[in-house]
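Undergrad: Below: sequence and its predicted model.
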Amino acid sequence: MSLINYLINIRNSNKQSMLRDQFGRIHNYLRISLTERCNLRCFYCMPANGIQLSPKENIMRAEEIEILVSKFVKLGVNKIRFTGGEPFVRKDFDSIATSLSKLNCEMAITTNGILIDQHIETFKNCGIFKINISIDSLKKDKFNSITRRDYFNRVMDNIELLFSKGFNPKLNVVVIRGVNDDELIDFIGLTKEWNTTVQFIEYMPFQGNKWDFSKTVNAEEILQNVSRIFGEGNVLKVEDKKNDTSRKYKIKGFTGNFGMISTVSNPFCDSCNRIRLTANGRIKNCLFSGSETDLLTALRNNENVEELIKETVFNKKSQRGGIKNFASEEGRLMSESNRSMILIGG
């Protein structure tokens, strides 16, 4: 076999191992919800009357997570992100992160930041440098109202701790009209000195969070507001990376930048490369997908998990789990049939 044919075979083999959906999108990014539990009660994430947790025996054990993730990696996944609930609520987080670090994937985490000071060494040892912290207000009273808990000072202290340790965490802000849309300029103000990205995320509909379209603040509205305050010529576009969900900008002369994730008003499904694994071992091929595939039971029954993964990814809908319009009655019913956000991990 010639060298050229050998390289072609290798290339074709790699293509075959990639997870493609029916529209040709390659999926290499796995988000793993480690737990359904959280130490906050954010109203847009967890319904006021709580959620029905899965029985403990139905939650993935650490060794099962490692086996399942290794199968995703075999199929081409090269980036994993830990989510929850709140991932640090899980007592064996450090052990899980250490075992998965051996898979040679890029690892990242999204957290509310409350317990992050207890895991700095694990981040360094495992190479976890992409850290997103969810914080929806810079005002203590409002933060406590949104989260229904009193951890504002602790979260802010831990954000500053990360910067002091050489990390550059991103800040995730779910923007809700009439709740925190008056703080966008304050958040952008943080990027003057901090080398961070503030990500403004549109308020999205999930089971039990009482979403309605009028509470959504879209990217155009945010940009107009920012331009009015800072001057249009001082709002500069930042080049987005492939598969980025955030459309980024920065203020001229500022260290960091800010971005908008417009899932509702301007979805980015064409470049989606994401798969989600829930804490009870089910794969969701889209954040808004109403259907799931039970990998954990298949694993415990010694069934062919890899084929289930490939089939589930292939059947992914073209856009938002098949929801064409969130504001329609059909969209509302489909959103209500999905899990609460806390059971997906965002």
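TA: Thanks, I have the structure now. Numbering: from 1, shown residues only.

Undergrad: lowest confidence element among the helices and strands of the protein?
TA: Between all helices and strands in the chain, the lowest mean by mean pLDDT, DSSP states H and E belongs to helix 3-17, at a mean of 50.

Undergrad: Does anything pack onto whatever helix or strand comes next after that one? Which helices or strands?
TA: Sequence order places strand 19-20 as the next helix or strand after helix 3-17, per DSSP states H and E. Judged by 3 or more C-beta pairs under 8 Å, 6 or more residues apart in numbering; DSSP states H and E, strand 19-20 is in contact with strand 26-27, helix 305-314. (Glycine included, C-beta is placed from N, CA and C.)

Undergrad: Can I get those in a markdown table including mean neighbour count?
TA: Formatted as a markdown table, the helices and strands packed on strand 19-20 follow (neighbours: other C-beta atoms under 10 Å):
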| stretch | mean neighbour count |
| --- | --- |
| strand 26-27 | 18 |
| helix 305-314 | 18 |
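
Undergrad: Now render those as JSON lines, adding distance to L299.
TA: Listed next are those as JSON lines, based on distance: least, C-beta to C-beta, whole Å:
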{"stretch": "strand 26-27", "distance to L299": "19"}
{"stretch": "helix 305-314", "distance to L299": "5"}
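
Undergrad: Of the ones you listed, which is nearest R228?
TA: Each of the helices and strands packed on strand 19-20 has some distance to R228 by C-beta to C-beta; the shortest is strand 26-27, at 39.3 Å.

Undergrad: in the stretch 201-346 of the chain, which spans are strands?
TA: Per DSSP state E, counting those that start in this stretch, the stretch 201-346 of the chain carries strands over the ranges 235-237, 247-251, 257-261, 274-277, 282-284, 293-294.

Undergrad: Quick one, which of the ones you listed gets closest to G127.
TA: Per C-beta to C-beta, nearest to G127 of the strands of the stretch 201-346 of the chain: strand 274-277, 20.4 Å.

Undergrad: circling back: relative to E86, which of the strands of the stretch 201-346 of the chain is closest?
TA: With C-beta to C-beta, the closest approach to E86 among the strands of the stretch 201-346 of the chain belongs to strand 274-277: 16.2 Å.

Undergrad: buried ones in that closest one?
TA: Buried residues in strand 274-277, counted by 16 or more other C-beta atoms under 10 Å: 274-277.

Undergrad: picking that back up, how about the strands of the stretch 201-346 of the chain in JSON lines, adding distance to R149?
TA: Output for the strands of the stretch 201-346 of the chain, formatted as JSON lines (distance: least, C-beta to C-beta, whole Å):
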{"stretch": "strand 235-237", "distance to R149": "35"}
{"stretch": "strand 247-251", "distance to R149": "30"}
{"stretch": "strand 257-261", "distance to R149": "24"}
{"stretch": "strand 274-277", "distance to R149": "25"}
{"stretch": "strand 282-284", "distance to R149": "27"}
{"stretch": "strand 293-294", "distance to R149": "32"}
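
Undergrad: Mind putting the ones you listed into TSV with mean pLDDT and distance to R25?
TA: Below are the strands of the stretch 201-346 of the chain laid out as TSV (pLDDT from 0 to 100; distance: least, C-beta to C-beta, whole Å):
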stretch	mean pLDDT	distance to R25
strand 235-237	98	25
strand 247-251	97	19
strand 257-261	97	18
strand 274-277	96	10
strand 282-284	96	15
strand 293-294	98	18
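
Undergrad: Which stretch among those strands approaches Q118 most closely?
TA: strand 274-277 (24.1 Å).

Undergrad: And the closest residue to L299 other than its chain neighbours, how close does it get to K139?
TA: In this structure, L299 finds its nearest non-sequential neighbour in V305, 5.4 Å apart by C-beta to C-beta, 6 or more residues apart in numbering. As judged by C-beta to C-beta, to the nearest Å, V305 and K139 stand 46 Å apart.

Undergrad: now swap in L236 and tell me
TA: According to C-beta to C-beta, L236 stands 28 Å off from K139.

Undergrad: Then F129?
TA: For F129, the distance to K139 equals 29 Å [C-beta to C-beta].

Undergrad: can you pull the buried residues of stretch 324-332?
TA: Across stretch 324-332, burial judged by 16+ other C-beta under 10 Å covers 326, 331-332.

Undergrad: where are the low-confidence patches of the stretch 51-200 of the chain?
TA: Along the stretch 51-200 of the chain, the model assigns pLDDT under 70 to no residue.

Undergrad: Which stretches in it count as helices?
TA: Counting by DSSP state H, counting those that start in this stretch, the stretch 51-200 of the chain has these helices, from start to end: 62-74, 93-100, 120-126, 140-147, 152-164, 184-190.

Undergrad: The ones you listed into CSV, with extra columns for mean neighbour count?
TA: Formatted as CSV, those follow (neighbours: other C-beta under 10 Å):
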stretch, mean neighbour count
helix 62-74, 18
helix 93-100, 19
helix 120-126, 15
helix 140-147, 17
helix 152-164, 15
helix 184-190, 18
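
Undergrad: now these in a markdown table, with distance to K242?
TA: Below are the helices of the stretch 51-200 of the chain laid out as a markdown table (distance: least, C-beta to C-beta, whole Å):
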| stretch | distance to K242 |
| --- | --- |
| helix 62-74 | 20 |
| helix 93-100 | 24 |
| helix 120-126 | 25 |
| helix 140-147 | 33 |
| helix 152-164 | 26 |
| helix 184-190 | 25 |
